[in-house]
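In: Structure for the following, please:
(one chain, ligands or ions: 2)
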Amino acid sequence: MKKNEAIIDILLSQVKKEDSLLPLSQNSLMLQREITKNSPDFKKIENMIKADPALTSHILKIANSVVYKGLEEVDSVKEAILRLGTNEINNIATWTIHQSNFQTKDPFIKAYKTKLWFHSLSCAVGCVWTSKYLDLDRESVVSKAFISGLLHDMGSLCLLTALEKVKTENKIEDYPSDSLLQELIEKFHTDQGYKLLKYWNLPKEFYTVARDHHAEEFNHSDLLLTLVRLIDKICLKMETGNKPADTAAVISSIEAKLLGVSEIGIAEIEIEIEPSQEKFKTLFKP
Ligand SMILES: [Fe+2]
Ligand SMILES: [Fe+2]
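Out: Numbers count the residues shown, from 1 in each chain. Ligands and ions are numbered 1, 2, ... in the order given. Prediction:
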């Protein structure tokens, strides 16, 4: 018991430090801020992508992957924008910006981070598809859906990265048990995600999603938040084997009611998410 308490104290004091907020290069941070603006400057975005060769090659790799593949290969950012559209390029750029923070050589942390990455991507794809399916064009929900889904659990990533750091620095002897780590993530990831997205200076709607996506009380008129909450529930249910009780809980959830998603609608969302998960695996080798 004492050992567990020590791990919790050390981890929490680590996450309070500013350097435990996940690093993004200056260019990535500026790009992420431009992308998440209400009226992004697309020319600026294109130039920022072009200025970063690693980012450019990642974006082209994803644009040419099985997830997006068209008839012909694209070999420039301009072509990728023309083929996929600015919104998709913003989504792919966000995907690329954050992917490296999910990578690690530590096998214990890797298992958690890989699971989290696929959960985040599944939520992102589920949010985009559902926002179009429900015609949520108002309040720019469609253009913000992917990024909100992808970033909603960034607090968990912060906690895992901080845990890896304290272990590497020998501040803790062993990793906590799976149940303790799960408990810690559940308890602290929303606050940590809120702090991180605010620290990155992203707009309020994104850090509100990070903070309130599991809150008992939430703003029912916030469409983006309600959408992420529903898709998160659906993804978690799929990840834990689609238990009948979980399915019933999603169908009768307040989020499904607020968005007007029926039982059939939930099944359709799942059908969209499932094949995407397989395609992501071809793009991400942790
Ligand atoms: Fe969460
Ligand atoms: Fe989640």
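In: contacts and neighbour counts: CA atoms only from here.
Out: Fine.
In: what ranges do the helices span in the stretch 1-150 of the chain?
Out: Secondary structure of the stretch 1-150 of the chain (DSSP state H, counting those that start in this stretch): helices at 2-16, 26-35, 42-50, 53-63, 77-84, 86-99, 107-133, 141-151.
In: just the ones you listed: most buried one?
Out: Stretch with highest mean neighbour count among the helices of the stretch 1-150 of the chain: helix 141-151 (a mean of 25; mean count of other C-alpha atoms under 10 Å).
In: what's in contact with the helix or strand just after that helix?
Out: Remark: after helix 141-151, the chain's next helix or strand is helix 154-168, criterion DSSP states H and E. Identification of contacts with helix 154-168 by C-alpha atoms under 8 Å, 6 or more residues apart in numbering yields 10-11, 14-15, 20-22, 101-102, 106, 109, 112-113, 116, 172-175, 185, 188-194, 196, 210.
In: Give me the distance between the next helix or strand after helix 154-168 and the centre of its chain.
Out: Counting by DSSP H and E, the next helix or strand C-terminal to helix 154-168 is helix 178-199. Distance, stretch centre to chain centre, for helix 178-199: 13 Å (C-alpha atoms, centre = their mean, to the nearest Å).
In: buried set for whichever helix or strand comes after helix 178-199?
Out: With elements assigned by DSSP H and E, the helix or strand that comes after helix 178-199 is helix 204-212. Buried residues in helix 204-212, defined by neighbour count with 16 or more other C-alpha atoms under 10 Å: F206, Y207, T208, V209, A210, R211, D212.
In: Who are the contact partners of the residue nearest to the fourth one when sequence neighbours are not counted?
Out: This points to V209. Sequence neighbours aside, L225 is the residue nearest to V209 in space, at 5.2 Å (criterion: C-alpha to C-alpha, 6 or more residues apart in numbering). Applying C-alpha under 8 Å, 6+ apart to L225 gives the contacts E205, T208, V209, D212, H213, N219.
In: wait, which of those is closest to V250?
Out: Nearest to V250 out of these is H213 (C-alpha to C-alpha; 14.4 Å).
In: Next up, the contacts around that closest one.
Out: H213 neighbours (C-alpha under 8 Å, 6+ apart): H152, T190, L225, T226, V228, R229.
In: from the residues you listed, which two are the most distant?
Out: The span of the contacts of H213, defined through C-alpha to C-alpha, is set by T190 and T226 at 15.4 Å.
In: The two: which has the busier surroundings?
Out: Taking neighbours as other C-alpha atoms under 10 Å, T190 and T226 compare with T190 leading, 25 against 22.
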